[in-house]
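J.: I'll drop the sequence and a predicted model, then ask my questions.
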Amino acid sequence: MTPPEAPVDGKNHPGDTPPAASVCAPETLIVLKKRSDFLKAARARRQGTSSMMVQARERAPDEASGIRVGFTCSKKVGNAVARNRAKRRLREAARAVLPVQGQEGWDYVLIGRAEITATRPFEALLDDLRYALRKVHGTRK
């Protein structure tokens with residue numbers, strides 16, 4: 001699966017789907033926004049791959065429900081354009097993988113890596129996320 005891309009000629013045509021259209025239901029993933037949620041995930045499990053760092057924590061039963069995910073890239077990734085591109089790719093990877101391999105009641109934070117996240121082939125990015133989730137959840141495949 002590849003993320004939707006912009007038109008080759010760079011022009012919008014009537015009837016075209018916007019390139020940033022999500023392919024999954026909006027209620028499937030909840031986006032983390034509070035700093036405290038990011039800090040809690042930072043103190044929990046983590047797994048690095050060549051293209052990203054994944055932090056994950058199981059929430060207490062009285063906290064929010066569903067799969068929650070956050071995205072971040074430091075200035076080491078590059079300028080604002082490079083950071084936004086890396087975060088867009090991480091969002092698309094999360095939309096493709098987390099509804100299938102993520103676990104209910106968990107928070108995930110995906111952290112982009114300098115130069116690699118924005119340039120790694122998308123299939124390899126998906127494989128990296130799948131690998132990190134297997135390691136975080138302790139399942140063998």
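T.: Okay, I see it.
J.: isn't Y108 up against A56?
T.: Yes. Using CB atoms under 8 Å, Y108 is in contact with A56, at 5.1 Å. C-beta here means a position set from N, CA and C on the backbone, and glycine is covered the same way.
J.: more neighbours: these two, which one.
T.: With neighbours defined as other CB atoms under 10 Å, Y108 and A56 compare such that Y108 has more, 27 against 22.
J.: where does the more buried one land in three-state SS?
T.: strand (DSSP: H, G, I helix; E, B strand; the rest coil).
J.: what residues are up against it?
T.: A41, V54, Q55, A56, I67, R68, V69, G70, A94, L98, G102 (CB atoms under 8 Å, 6 or more residues apart in numbering).
J.: among those, name the ones in helices.
T.: Residues of the contacts of Y108 located in helices (DSSP state H): A41, A94, L98.
J.: now do the same contact list for the second one.
T.: Same thing as A94. Contact analysis of A94 by CB under 8 Å, 6+ apart lists L29, V69, F71, Y108, L110, L129.
J.: could you flag which of the residues you listed are buried?
T.: L29, V69, F71, Y108, L110, L129 (16 or more other CB atoms under 10 Å).
J.: point out where this protein drops to low pLDDT.
T.: For the chain, the stretches flagged by pLDDT under 70 are 1-27, 139-141.
J.: what's the overlap in contacts for Y108 and A56?
T.: Residues touching both Y108 and A56 by CB under 8 Å, 6+ apart: A41.
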